[in-house]
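Chemist: this is a predicted model, with the sequence first.
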Amino acid sequence: MRIVLLGPPGAGKGTQAQRLAERLNLAHISTGDILRQNVKDQTSLGKEAKDFMEQGLLVPDSLMARMLLDRLAQPDIKRGFILDGYPRNLAQAETLELLLKEKGIGIDEVIYLDSSDSVIIQRLSGRLACSNCGANFHIKNMPPKAAGICDKCAGKLYQRTDDKEETVMKRLQVYKQEAVDLIKYYQEKKKLSRLDADIDPDVVLNEIIALTKKHDSFKV
Ligand code: ADP
Ligand code: ZN
């Protein structure tokens, strides 16, 4: 099964994708995580992407396409995947379709996690990310068992530089500019399901799982 998660920053794409990947044994492809790893490792991709990310802007489509091509060449995607953070605009959606078509596959389900601005800002301002495995926590809503330490891998937790208030506002603005067209694109393909993502993440996860059930006949 191949799933795309859409939605604003802070809607819970990363959190849900991670849980869903574990539950359904799918690969989790987070373009944000891959970019952050590249920045950390100071690769040429990381160097090119860093400034855009820090300003809350989209990394250029051509760079993203190269990155996606590499990721889709890895063997773990054969069992199916969840795409989290890609596509972010119409051009990226078209690139994705093309790359998958070349492999003779397509997307089964696009899930749009819809969240209100006030919830987004509250979630991002308290978010903590693991510097090692990328897992997300929240100071109040989802605190780690031990302060500053990842429950999963004991890595150090940090606040992402792009979670500063002014960058959050910029990311939201960029998202809103691109989202309408993207949502329309998948609506027209009759692939889009919208879920309210302001509610309890456990409830959202169950709703996503319910949506994936209609694809039980697909081989994973
Ligand atoms: P969020 O969805 O919470 O904004 P991500 O971790 O998905 O966070 O992305 C962080 C940053 O990485 C984005 O603000 C952007 O600069 C860059 N990025 C991630 N995915 C893409 C993409 N598909 N296209 C362009 N830039 C991207
Ligand atoms: Zn971790």
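Modeler: Looks like it came in fine. Residues are numbered from 1 along each chain as shown. Ligands and ions are numbered 1, 2, ... in the order given.
Chemist: can you map out the strands along this protein?
Modeler: 2-6, 27-30, 81-84, 109-114, 127-130, 136-138, 157-158, 192-196 (DSSP state E).
Chemist: any chance of a markdown table for those strands, columns mean neighbour count?
Modeler: For the C-beta atoms, the positions are set from N, CA and C on the backbone; glycine is no exception. Compiled in a markdown table, those are given as follows (neighbours: other Cβ atoms under 10 Å):
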| stretch | mean neighbour count |
| --- | --- |
| strand 2-6 | 24 |
| strand 27-30 | 21 |
| strand 81-84 | 25 |
| strand 109-114 | 21 |
| strand 127-130 | 22 |
| strand 136-138 | 19 |
| strand 157-158 | 16 |
| strand 192-196 | 16 |
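Chemist: now tabulate the ones you listed in JSON lines and tack on distance to Val174 and mean pLDDT.
Modeler: Listed next are the strands of the chain as JSON lines, based on distance: least, Cβ to Cβ, whole Å; pLDDT from 0 to 100:
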{"stretch": "strand 2-6", "distance to Val174": "14", "mean pLDDT": "97"}
{"stretch": "strand 27-30", "distance to Val174": "18", "mean pLDDT": "96"}
{"stretch": "strand 81-84", "distance to Val174": "17", "mean pLDDT": "97"}
{"stretch": "strand 109-114", "distance to Val174": "17", "mean pLDDT": "96"}
{"stretch": "strand 127-130", "distance to Val174": "18", "mean pLDDT": "94"}
{"stretch": "strand 136-138", "distance to Val174": "20", "mean pLDDT": "93"}
{"stretch": "strand 157-158", "distance to Val174": "23", "mean pLDDT": "96"}
{"stretch": "strand 192-196", "distance to Val174": "20", "mean pLDDT": "96"}
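Chemist: next to ligand 2, which bits of this protein? Give me the list.
Modeler: Counting by Cβ under 5 Å from the ion, the chain comes close to ligand 2 at 130, 132-133, 135, 150, 152-153, 155.
Chemist: list only buried entries from those.
Modeler: 130, 135, 150, 155 (16 or more other Cβ atoms under 10 Å).
Chemist: grab the nearest non-local neighbour of the second one.
Modeler: What that stands for is Ala135. Lys152 (5.1 Å; Cβ to Cβ, 6 or more residues apart in numbering).
Chemist: now do the third one
Modeler: Leaving aside its sequence neighbours, Cys150 sits nearest to Cys130 (Cβ to Cβ, 6+ apart; 3.9 Å).
Chemist: on that earlier part again, out of the residues of the chain next to ligand 2, who's nearest Lys103?
Modeler: Taking Cβ to Cβ as the measure, Lys103 lies nearest Cys133 of those, at 27.6 Å.
Chemist: for the closest residue to the closest one other than its chain neighbours, phi and psi?
Modeler: Closest residue to Cys133 in three dimensions, ignoring its sequence neighbours and counting by Cβ to Cβ, 6+ apart: Cys153, at 4.6 Å. With angles defined as degrees, to the nearest 10, Cys153 sits at phi -130, psi 10.
Chemist: give the contact list for Cys153.
Modeler: Listed by Cβ atoms under 8 Å, 6 or more residues apart in numbering, the contact partners of Cys153 are 130, 132-133, 135.
Chemist: follow-up on the earlier one: mind checking pLDDT for the residue nearest to Ala135?
Modeler: On pLDDT, Lys152 comes in at 95.
Chemist: so, low pLDDT: which residues of the protein?
Modeler: Across the chain, the ranges flagged by pLDDT under 70 are 216-220.
Chemist: and with 80 instead?
Modeler: 214-220 (pLDDT under 80).
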